[in-house]
Every structure is written in C-alpha cells, then in structure tokens.
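Undergrad: all I have is the shape, not the residue letters:
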C-alpha cells in the first residue's frame, strides 16, 4: 500500500531532517532526543492514531526552535513539511485499515494524494509568492492584519469544530 | 484530540512565534496548514441522508450455524467521497465471510449492497443499527450518524430430545396427556377395581374379582393420563455457575433446561420457564410449538446475574398453582436448601436437575493431592446437601456433565412404556 510506505517514509524524513540540522550545529543532546522520539513515533504509529498529532507538534516545535537558533531553514522547514505529510497520511492510513477486502483502496489513495499534492503546491506557491512580492506595511496596519488573521482563523476553527 | 484543534493550535503557535521573533519563515510555515484547513472545510461532507435496509437470511439458527446479513444503503443526500459504513456487530458473533465494514464513495442516488456471514454462540443478537461516518478526503471534517435498522438474530440452544420423563404432580389439568393423574378412568395403567357399570367394555371386566361374588360384576379401572403444569426454573446466579478462571457450567444448565422444556412440551404439558439470573425473567406457561419457540428464545437470552438465594423467590400461584410440577436446573449451593424446602412446603412437586459443579471443576484442574483432597471435601458437602434434599421429598438428578444428559435423565426420570412395565411387574393387569 502506497500510503503505508509514504507514511513511514515521511516520519523518517521529517525526524531525520530536523535531527540532522540540530546535530550538524552541535546540538547533539537535542538530536539524540529527536532520534529517540522518531523511533517511538514509528513504533507507536502501528497502534495509536494520536501519536501522529504528537509527532507533528514535536517536530514543528523543534523546527521553530531550530529557526530561532538559526539552523538551516531548508532542513527545519523540510522536517516540518514531512511531519505534516506524515500526520495527514497517518489519519488516512487508519481510515484505510477499516476498508474491506473488496473496497477499491487504490482510488481513495489516488484522490488523496492528488488533493494533498495540490494543497502542498498551493501552500508553497503562496510562500514563494510572498518571498518575491513584498509590500511594506507600517506597524499599525501589520498588527491589524495579524489580528484580523488570528480572528479569521479562530472563526474558521470554531466553525469547523461545530460542523463535526 | 481533534485534528482541527491540532492544526489550529500549530497555526497559532507558528504565527505568534513568527511575530514575536520577527521571523517570516515561521509564518510561512503556517501557510500550508492554513490552506489544509481551508481545503478540509471546502471539501467537507454535507449532511448524511442514507436509507439503510437490512435482511437476514435466517433469524434463528443453531449455535455455529452461519447467517448471512445483507445491507443495502442508498445515498439520498449529497455525494460522499469517503464514507465508512460499520455495521454494529453484537459481541459474541463471529465473522465467517465478508466484512461488517465498508469504505466507499457514494454518488447521489447510488445504492451499495453488501453481504457478510456470521456465526455465534447461544444468545440473542439485536442488529439494529449501522454507523456511517463521512469524511473529507483529508480527514479533517467528519459527519457521523447511527442509522437504526431492523434485524435480530437468535442463536437458539440445541439439546437432545428426551422421551417419557416420569413426573407425578399431585394436580393435573383436564386435558388428556401422558402424566398419571391419580384419578380412575380411561387409561392404560391399572388403577383399581370398581363395580361394573353399563357401557364398560367387556375386556375391562375383572373376572377374578367378579368370581368371588355371585351377584356382581367388577370392572378394572385405569389411571387417567392428563397434561400437567410444569415450571422450569433455570438458575443463572453467577456465584453458583462461575468457577476459577471464569469457567462456567451455565451452558450445561441451559442445555438441560432446553432438553427438559422440549420433552415436557412434546408430551403436551403446559410449560413455563423462569430464568433466575441477571433478572427474573418469566416465560408464561403455555402449550405447543409456539410456547416451545418462546422458551427457546428466552433460553437464548439467558445470562448470568447477581441474584443470591432462592428463599426470596416467589412463584405466582396464578401461573403455577400449588401441587404442580417444578423442575429446578441448578448446580446448587448449601444455602439453597432452605429455599428449596420452602418450595416443597408450598405444595410443589420439585425435581432438581443439578449439573455437578465438583466434577466439572475437577475435570479442568490438574490432578494433584491438594486438588483431590479439596474435591473430596466439597463432594462430601454436596452429597450431604443432595441427601438432605431427597429426605425433604425433592427428587434430585445429579448430572456429571461429562456424561450425555439424555442418558442421565433417562436413567433417573424415565418412565418405561406400559408393555415393558407389565413385563417387569410379572404379567398382566
């Protein structure tokens, strides 16, 4: 199953990239901690659906920390990106495990990967766009935009929660 | 934790960290997550409108026999691209073929039909709901409903049929049957001699008695055979049925009750059942095949419970009048003596069919000196109890469950046919 392979590959890559970044810049203890966590995530993934959420949170926070320590952004962002893919595939993997033999899993996988790919391309498209087209706001407008953004996301999350 | 909350929290953390540290990279990291959330919201499933029909190939089966469940689901609402259908399978049923779950996409008005086969142990299995859960392909937004469906499966106990169970209650009903009624009249069994009455068949005349009197003729009188009221009490108390390591002798008790009920009903009696276990469950007395089915269904549902002793049990007189026959199926414990004697003193004829818990437990234990000694002690205790019950006028059938029930009951309770009894008693009537 492609999903299973993709899931474990994503977990491994996400942990490896962030660990590499920390280790290369002398944070050996943190790197060791991340490796241990990565192994626990891979093992725990077999049984516990919630561990993917923990994995995403830990790797993303480690990436945030790495960015603050001026570690290579490519490694940190790559680690966070693969953790995000692993988190998405973990849920999908658990869903597919409930399928019967006669269910056509290939079609589900095809649609899921297409949609995930589209989202990643769109996400990084926006990021790239923001790198090349910059508008300078003064502080008040920037703060207002940030507040509006946070409020919008809160509304969105609240609405999604209600719709569950 | 919900995936929406996780992604939402991470977005907040990334944005706040980015703002606090003046690091645009962190805010950029949040963008794919934001788009992911938006996509989940955009492609999230709408309200579920499903029409579900369930058909079972059979509604009553014997333990271990397969039953096929067919489910048809029609989507009457919006397109569902990631729909998980999970049939709620009651505990105790085992899948033989197929799966009770399907992961499918359903277009509007599309119908999915699927089958799976189950088998199970004795029991009642309501199959009255199906869980449907629709998600977007990213798994963020879920809509789940439990859809009620009709359907039930009875796995009825099976037991060997008994023939000619000899009971002699002091009161019978008016209909002809096979239980000696202690009343003279037409029948098979010799009952007594009375003066000849016009209309008596010639072969009824007792010539030997008539020869002693010159002016009178005497006729033989036979014992009427009628149907009786029989109440079967199945003891489902956990404390007497369950032993070490969770082993239970209860299935043997159910087998005995099934076999006895079947035998009594086949003989035309009015039979009722009381299951004294999880709760007191009466099957009101009745006759015939319908009653047999009701009793079998009750026995299929029978389960162990926490009731204590029989002394608190009251048999309604309108169901079983005094002097009718009661049959208790129970492994018994010492404290039951008082309650059973109370039954007897209330006028009921009582037979106790007792699956032997000592033999049952010993057969599952390793043979050691300590086990042998303990077994001897409890066996003596049990024999004293059975002996006391017999002394109180209660008929006791001690059933070692390693032997076939029908053989044990046949030996203890059978009533040989009249011709055989005549031969055994040394000749004619």
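TA: That came through, no problem. Note that the structure is predicted; figures quoted are calculated from it, not measured. Numbers count the residues shown, from 1 in each chain, chains lettered A, B, ... in the order given.
Undergrad: what residue in chain A comes nearest to chain B?
TA: Relative to chain B, the nearest point of chain A is residue A:123 (3.0 Å; C-beta to the nearest C-beta). Glycine gets a C-beta too; all of them are placed from N, C-alpha and C.
Undergrad: enumerate every residue touching the residue in the stretch 151-300 of chain B positioned nearest to chain A.
TA: Closest residue of the stretch 151-300 of chain B to chain A, C-beta to the nearest C-beta: residue B:151 (19.3 Å). Contacts of residue B:151 were listed using C-beta atoms under 8 Å, 6 or more residues apart in numbering or on different chains, and they are B:54-56, B:69, B:126-128.
Undergrad: and for residue 28, the neighbour number?
TA: I went with chain A, as the question did not name one. Here the number of neighbours of residue A:28 (other C-beta atoms under 10 Å in any protein chain shown) works out to 10.
Undergrad: sorry, I should have been clearer: chain B.
TA: 20.
Undergrad: and the longest helix along chain A, how far out from the chain middle?
TA: Determined from DSSP state H, the single longest helix within chain A is helix A:105-132. How far helix A:105-132 lies from its chain's middle: 13 Å, per C-alpha atoms, centre = their mean, to the nearest Å.
Undergrad: stretch B:314-325 too?
TA: For stretch B:314-325, the distance to the chain centre is 23 Å (C-alpha atoms, centre = their mean).
Undergrad: tell me the mean pLDDT over that stretch?
TA: The pLDDT scores in stretch B:314-325 average 76.
Undergrad: what's the end-to-end length of that stretch?
TA: End-to-end distance for stretch B:314-325: 15 Å, by C-alpha to C-alpha, to the nearest Å.
Undergrad: ok, the nearest residue to residue B:334 once chain neighbours are set aside - contacts?
TA: Excluding its sequence neighbours, the residue lying closest to residue B:334 (C-beta to C-beta, 6 or more residues apart in numbering or on different chains) is residue B:385, at 5.6 Å. Contacts for residue B:385 (C-beta under 8 Å, 6+ apart) come out as B:332, B:334, B:336-337.
Undergrad: which among those count as buried?
TA: B:332, B:336-337 (16 or more other C-beta atoms under 10 Å in any protein chain shown).
Undergrad: quick one on the thing from earlier: could you pull up the residues touching the residue of chain A closest to chain B?
TA: So residue A:123 contacts B:31-36 (C-beta under 8 Å, 6+ apart).
Undergrad: just give me the closest of these to chain A.
TA: The closest of the contacts of residue A:123, once distances to chain A are taken by C-beta to the nearest C-beta, is residue B:32, at 3.0 Å.
Undergrad: could you list the low-pLDDT ranges of the chain?
TA: No chain was given, so I picked chain A. When residues are selected by pLDDT under 70, those of chain A lie in A:130-131, A:134-135, A:160-164.
Undergrad: ah, I was thinking of chain B
TA: B:1, B:173-178, B:181, B:308-312, B:415-422, B:424-429.
Undergrad: now do 80
TA: B:1-2, B:41-44, B:46, B:137-138, B:163-191, B:222-228, B:244, B:278-280, B:307-323, B:413-429 (pLDDT under 80).
Undergrad: pull the longest helix from it.
TA: Chain B, longest helix under DSSP H: helix B:369-391.
Undergrad: C-terminal to that helix, what's the next element?
TA: Per DSSP states H and E, the first helix or strand lying C-terminal to helix B:369-391 is strand B:395-399.
Undergrad: return the list of helices and strands in contact with that next one.
TA: strand B:349-355, helix B:369-391, helix B:405-413 (3 or more C-beta pairs under 8 Å, 6 or more residues apart in numbering or on different chains; DSSP states H and E).
Undergrad: for the longest helix of chain A, buried residues please.
TA: A:105, A:108-109, A:112-113, A:115-116, A:119-120, A:122-124, A:127.
Undergrad: just stretch B:165-172 next, same as before
TA: B:165, B:167, B:169, B:171-172.
Undergrad: from the contacts of residue B:385, which is closest to chain A?
TA: Closest to chain A, out of all of the contacts of residue B:385 and judged by C-beta to the nearest C-beta, is residue B:332, at 46.2 Å.
Undergrad: distance of the closest one relative to residue B:399?
TA: 11 Å (C-beta to C-beta, to the nearest Å).
Undergrad: so which helix or strand takes in residue 19?
TA: Picked chain A for this. helix A:2-24.
Undergrad: my question was about chain B, not that one.
TA: helix B:3-20.
Undergrad: for that helix, what is the distance to the chain centroid?
TA: With C-alpha atoms, centre = their mean as the basis, helix B:3-20 stands 57 Å off its chain's centre.
Undergrad: what's the first helix or strand after it?
TA: Trace forward from helix B:3-20 with DSSP H and E and the next one is helix B:24-42.
Undergrad: buried set for the helix or strand following that following helix?
TA: Once helix B:24-42 ends, the next helix or strand along the chain (criterion: DSSP H and E) is strand B:50-56. By neighbour count on 16+ other C-beta under 10 Å, the buried set for strand B:50-56 is B:50, B:52, B:54, B:56.
Undergrad: check the offset of stretch B:158-166 from the chain's centre.
TA: That offset, for stretch B:158-166, works out to 17 Å (C-alpha atoms, centre = their mean).
Undergrad: pull out the buried residues from that stretch.
TA: So for stretch B:158-166, counting by 16+ other C-beta under 10 Å, buried means B:158-160, B:162, B:165.
Undergrad: stretch B:60-74 too?
TA: B:60-61, B:67, B:69, B:71, B:73-74.
Undergrad: likewise stretch B:93-113?
TA: Per 16+ other C-beta under 10 Å, stretch B:93-113 contains these buried residues: B:93, B:98-106, B:112.
Undergrad: picking that back up, buried among the contacts of residue A:123? Make that a ChimeraX selection.
TA: In ChimeraX, this line selects whichever of the contacts of residue A:123 come out buried by 16+ other C-beta under 10 Å:
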select /B:31,32,33,34,35,36
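Undergrad: keep only the contacts of residue A:123 that also lie close to chain A.
TA: Counting by C-beta under 8 Å from any C-beta of the partner chain, B:31-36 from these sit close to chain A.
Undergrad: re the thing from before, so what sits against both of residue B:332 and residue B:399?
TA: residue B:354.
Undergrad: relative to the longest strand along chain B, what are the paired strands and their orientations?
TA: Ranked by number of residues, the top strand in chain B under DSSP state E is strand B:176-195. Here strand B:176-195 is paired, per DSSP bridges, with strand B:218-226 (antiparallel).
Undergrad: show the subsequent helix or strand relative to the strand it pairs with.
TA: strand B:229-235.
Undergrad: what comes up buried for the very next helix or strand once past that next one?
TA: Once the chain leaves strand B:229-235, the next helix or strand it forms, by DSSP H and E, is helix B:238-241. By 16+ other C-beta under 10 Å, the buried positions in helix B:238-241 come out as B:240-241.
Undergrad: quick one: residues in contact with helix B:238-241.
TA: So helix B:238-241 is contacted by B:235, B:248-250, B:253, B:277, B:304-306, B:308, B:330-333, B:336, B:357 (C-beta under 8 Å, 6+ apart).
Undergrad: same thing but 6 Å
TA: B:248-250, B:304, B:306, B:331, B:333 (C-beta atoms under 6 Å, 6 or more residues apart in numbering or on different chains).
Undergrad: these, buried ones only, as a PyMOL selection?
TA: Buried subset of the contacts of helix B:238-241, written as a PyMOL selection, criterion 16+ other C-beta under 10 Å:
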select buried, chain B and resi 249+250+304+331+333
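Undergrad: need the max-distance pair from the contacts of helix B:238-241.
TA: Among the contacts of helix B:238-241, the pair separated by the greatest distance (C-beta to C-beta) is B:249 and B:306, at 16.8 Å.
Undergrad: look up which helix or strand residue B:96 falls in, please.
TA: Secondary structure (DSSP H and E) places residue B:96 in strand B:93-97.
Undergrad: run me through the strand neighbours of that strand, direction for each.
TA: Sheet pairing for strand B:93-97, using DSSP bridges, gives strand B:111-120 (antiparallel).
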